[in-house]
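Undergrad: have a look at this prediction, sequence included:
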Amino acid sequence: MKIRLPDDSTLDLPDGATAMDAAREIGPRLAAAAVAAAINGETVDLSAPLADGDEVKVVTADSPEGLSILRHSAAHVLAGAVMELYPGTRLGIGPAIEDGFYYDFLLPGPISDADLPAIEAKMQEIIDAAVPFERREVSREEAARMFTGQPFKLELLEELPGGEGASVYSDGDFTDLCRGPHLPDTGRIKAFKLLSVAGAYWRGDENNQMLTRIYGTAFPSRKELDEHLERLQEAERRDHRLLGRQLDLFHIDEEVGAGLPLWHPKGALIRKIIEDFWRDAHLDAGYEMVMIPHIASVELWKTSGHWDFYRENMYSPMDIEGQEYIVKPMNCPGHIKIYKSRTRSYRELPIRWAELGTVYRYERSGVLHGLLRVRGFTQDDAHIFCRPDQLQDEIVGVIEFVLYMLKTFGFDQYEVYLSTRPEKSVGSDEHWEQATAALRHALESVGLEYDIDPGEGVFYGPKIDMKIRDALGRAWQCTTIQVDFNLPERFDVTYVGEDNADHRPIMIHRALLGSLERFMGCLIEHYAGAFPLWLAPVQATILPVADRHNDYAGRVAERLRRERLRVSIDTRRESVGKKIRDAEMEKVPYMLVVGDREEEGGTVSVRSRTRGDLGAQ
RNA sequence: GCCGGUGUAGCUCAGUUGGCUAGAGCAGCUGAUUUGUAAUCAGCAGGUCACGGGUUCGAAUCCUGUCACCGGCUCCA
């Protein structure tokens, strides 16, 4: 028979040949690297038989697809090891994920990270034995018999589509219900590591039983695994919670409360720099600033619908002279009230009102995380009130604006998602279609690539979410742009049109950085605490060599401060080496050493954080 | 909230099967040193061992409740 290869050549093979035979025929190195094959676009095991005319591609572990097969097989090996070590374990599922794999188990007893080495050792035994993965097609009844005592597997079996049978994979004594494909044998797993153990609800539903999840990762080579582990360590070193303490930027105090960060002078200064830039940029972009109080009568939240739809995220009302007030979880109702303070004409639209609005939301204790998930935070919020015919241009404007903002902070890689109508939602089909189309056309006119997140919109309208990728390639959700027909309706927001009749404006809710807390946490990790000059709380520190240079150092500082530079002087009676070390630890961009030579010549010796000693200047 | 883990000085960590006055480095203070590109030396001070209850002759150590934090799940800016 003849098969076709990706480069359009054909290969002659004897009848009954498998994908593995094809790989061997092409070359022994390919055969050694092969993990699976794609036959006519469908990924299958290397042991799959070929038919005349098939288009065959050999999948290696270098490809994203091959890597995920490698990891999926590693998950099976993990499950096999756990079944041996902990008899009576019930199996959940064990997929490959972005950076590795996991497997969920219902174990007879609790385990911890300390148990991972023993499991790894057992896995290594299975790998060393190079047991083949064998696929079998079985009827449902047979599969049900095989998985007696495995309630989760039986549940999955029930839900398999159609009347088809099931496929099972065995490596040695371990058999799992699985679609496949898998590696030819366990010996192909060259480098793996178990990383952590965690709880996870069966099928991700918190009403279900909590299972034990073991995370791990696997790579085609030891070198790639080591590089990945090194990346994980680098991420740990960059952890904003650690750097926040080391650089004296912020802390979260137990007695103040969980999820309520306190900004120290240097952190507050960085935040001030960001806020100044943000306000100026917004004024330049045609926004106006507004300000609203932090609490409002419960009546406001009833009108807005938050009392009904958002109460689980809101703090309990406080009693003020018999009236109930609520700490705001969102800024929009306040901005709407400003809009409604007088009659608005169509000539005024679009109105763009921005505020660094602090909000408080109840977050369950287990989800709090440094600055990235807190209970009190400041959104870089704005609401745009516009006519329907202005909607698309306004969205384009917001997208272009956010790209400019993020670029300024050093982010130029994004993932963009368009979230469409969820099942529980309000408003007419027409409105939803109009708004979704406006978002889509706006994205296309700016030329941004995006994915659709079906049904992930907010109940009142569709939205665009953006994730930025940081220096380590990690994605952070910051930007959100939401179209809203609902609140204008609820608050009866209107403008007088050309026809002298009342019309309903559309609202756009948007936060570009998301919240200052999360964004700053992200910035800290992106820059590993070494902020670029414009954001550095101290841009230069002057290091007098000895006491007698302090006066000169003071004159230099004064001169630089007149140029609006943020300068400090280290007058401690310490060695220059010590002062440099401390400035390096604080990640100050420039160190200016002044001694006899500099004082005499009216210069400073510049040392750059990144480039070292630059000599006298 | 749920599962597992952790909580000792401002920070990073020791502290044996329950047993002497709970230790070290860094940071801080005092003194000496006047220093030239990543740590000068010495001394001093610093602790309700997260908090509450219990077991015990005796608890940092064992049990228990609460809180916080860490890794995840669910949720989210």
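TA: Nice, I can see it.

Undergrad: could you report the neighbour count for the residue of the stretch 301-450 of chain A found nearest RNA strand B?
TA: Proximity of the stretch 301-450 of chain A to RNA strand B (Cβ to the nearest atom of the strand) peaks at A:G366, 2.1 Å away. From N, CA and C alone the C-beta is placed, and that goes for glycine too. For A:G366, the neighbour count with other Cβ atoms under 10 Å is 8.

Undergrad: again, but for A:A258
TA: Neighbours of A:A258 (other Cβ under 10 Å): 12.

Undergrad: can you pull the contacts of it?
TA: By Cβ atoms under 8 Å, 6 or more residues apart in numbering, A:A258 lies in contact with A:252, A:365, A:368, A:375.

Undergrad: how about those residues, which pair is most distant?
TA: A:I252 and A:S365 (12.7 Å; Cβ to Cβ).

Undergrad: tell me which of the two has more neighbours.
TA: Neighbour count, other Cβ under 10 Å: between A:I252 and A:S365, A:I252 has more, with 17 against 9.

Undergrad: what about that one, distance to RNA strand B?
TA: Relative to RNA strand B, A:I252 is positioned 6 Å away (Cβ to the nearest atom of the strand, to the nearest Å).

Undergrad: now do that residue, the pLDDT please.
TA: pLDDT, A:I252: 94.

Undergrad: what does the one 4 residues further on give?
TA: For A:V256, the pLDDT comes out at 91.

Undergrad: buried residues in the host helix or strand of A:E155?
TA: Per DSSP states H and E, A:E155 falls inside helix A:151-158. Buried residues in helix A:151-158, counted by 16 or more other Cβ atoms under 10 Å: A:152-153, A:156-157.

Undergrad: likewise for stretch A:8-20?
TA: By 16+ other Cβ under 10 Å, the buried positions in stretch A:8-20 come out as A:11, A:13, A:17-20.

Undergrad: going by distance to RNA strand B, which of the residues you listed wins?
TA: RNA strand B lies nearest to A:A19 out of the buried residues of stretch A:8-20, by Cβ to the nearest atom of the strand, at 33.7 Å.

Undergrad: report the contact partners of that closest one.
TA: With contact taken as Cβ under 8 Å, 6+ apart, A:A19 is in contact with A:34, A:36-37, A:39, A:44-48, A:50, A:56, A:58.

Undergrad: for the nearest residue to it once chain neighbours are set aside, give me its contacts.
TA: Setting aside the residues directly before and after it, A:A19 is nearest to A:A37 in space (Cβ to Cβ, 6 or more residues apart in numbering), at 3.5 Å. Contact partners of A:A37, counting by Cβ under 8 Å, 6+ apart, are A:19-20, A:22-23, A:43-46, A:48, A:56-59.

Undergrad: ranking by neighbours, what's the top pick from those residues?
TA: Going by other Cβ under 10 Å, A:A19 tops these with 27 neighbours.

Undergrad: okay, it and A:K122: tell me how far apart.
TA: 30 Å (Cβ to Cβ, to the nearest Å).

Undergrad: got any ranges where chain A has weak pLDDT?
TA: A:162-163 (pLDDT under 70).

Undergrad: and the longest helix for it?
TA: helix A:64-85 (DSSP state H).

Undergrad: what about that helix, near RNA strand B?
TA: No: no part of helix A:64-85 sits near RNA strand B under the criterion Cβ under 7 Å from any atom of the strand; the closest distance found is 14.7 Å.

Undergrad: A:I214 contacts A:V197, correct?
TA: Yes: counting by Cβ atoms under 8 Å, A:V197 is a contact partner of A:I214 at 5.3 Å.

Undergrad: comparing those two, which residue is more hemmed in?
TA: When A:I214 and A:V197 are compared for neighbours, A:I214 comes out ahead with 27 against 20, by other Cβ under 10 Å.

Undergrad: before we move on, back to that, okay, the contacts of A:A19 in CSV with secondary structure next?
TA: CSV is the format used below for the contacts of A:A19 (DSSP: H, G, I helix; E, B strand; the rest coil):
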residue, secondary structure
A:A34, strand
A:A36, strand
A:A37, strand
A:I39, strand
A:V44, strand
A:D45, coil
A:L46, coil
A:S47, coil
A:A48, coil
A:L50, coil
A:V56, strand
A:V58, strand
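
Undergrad: between the residues you listed, which is nearest A:A536?
TA: Nearest to A:A536 among these, with distances taken as Cβ to Cβ, is A:A36, at 49.7 Å.

Undergrad: for the closest one, give me its contacts.
TA: With contact taken as Cβ under 8 Å, 6+ apart, A:A36 is in contact with A:19, A:43-46, A:59, A:65-66, A:69, A:181-183.

Undergrad: what's the closest of those to RNA strand B?
TA: For those, the nearest to RNA strand B is A:I69 (21.2 Å; Cβ to the nearest atom of the strand).
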